[in-house]
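>>> 3D, please:
(one chain, ligands or ions: 1)
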Amino acid sequence: MATVGIVMGSDSDMPVMSKACEILEQFGIDFDIRIISAHREPDVFFEYAKTAKEKGMKVIIAGAGMAAHLPGMCAAIFPLPVIGVPMHTTSLGGRDSLYSIVQMPSGIPVATVAINGGANAGLLAVKILATSDESLVKKLEEYAADLKASVEKKDEKLAETGYKYYSK
Ligand code: RP5
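Have a look, this model is predicted:
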């Protein structure tokens, strides 16, 4: 049984959605993935969204581009949190996807991340699950500490350039 469902409108979304997969793997969270087009196969989509909760999913991460209705329609049917990932598009730079996903009517929220924000979608799913799992909180704290250490490392390298370095 997967705790997180990852669904996307096309295989062209996979490079972005794979970032969410990587994060969930890193945190040891069970997930499954599907390509489902809400527009081109509404019956398949409806079955997916309708049965997700009984299959054990706690969060759905849905990525889509252009007239990106997949996340919003997931949120209309699935009673638990839905995270929307707007895809970058060549025609409108992903604003089309972003506006389609973020501008949900009152009562049906989708937690929308940045355009191409697959990694943050994964992290947000982890944070939602961490509200009832202390071991995930610990892993999130370690993740944050690693991020800090990586910035400090970059800062130290900068000091080696020979440019006047701002120090306290
Ligand atoms: C959306 O249309 C998909 O989510 C994808 O981002 C976009 C383009 O799909 P393809 O033309 O690559 O199948 O449904």
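
>>> Give me the most central residue, the chain.
Centrality entry for the chain: nearest residue to the mean C-alpha point is Ala121, 1.9 Å, by CA atoms, centre = their mean.

>>> how about that one, what does it touch?
19-20, 61, 63, 83-85, 113 (CB atoms under 8 Å, 6 or more residues apart in numbering). (Each C-beta comes from the backbone N, C-alpha and C, glycine too.)

>>> now for these, which pair is the farthest apart?
Greatest spacing in the contacts of Ala121, by CB to CB: Lys19 and Gly84 (14.6 Å).

>>> more neighbours, these two?
Neighbour count, other CB atoms under 10 Å: between Lys19 and Gly84, Gly84 has more, with 28 against 20.

>>> for the longest helix along the chain, packing partners?
Secondary structure of the chain read by DSSP state H shows that its longest helix is helix 134-159. Contact analysis of helix 134-159 by 3 or more CB pairs under 8 Å, 6 or more residues apart in numbering; DSSP states H and E lists helix 118-130 as its packing neighbours.

>>> What sits closest to Gly93 if chain neighbours are left out?
Counting by CB to CB, 6 or more residues apart in numbering, the nearest residue to Gly93 once its immediate chain neighbours are dropped is Ile115, at 7.7 Å.

>>> Flag every residue of this protein that's near the ligand.
Proximity of the chain to the ligand, by CB under 6 Å from any ligand atom, involves residues 8-10, 12-13, 37, 64-66, 87.

>>> show me where this structure has strands.
4-8, 31-35, 59-64, 82-86, 111-112 (DSSP state E).

>>> And the contacts of the shortest one?
Pointing back at strand 111-112 there. 71, 81-84, 86, 98, 101-102, 124.
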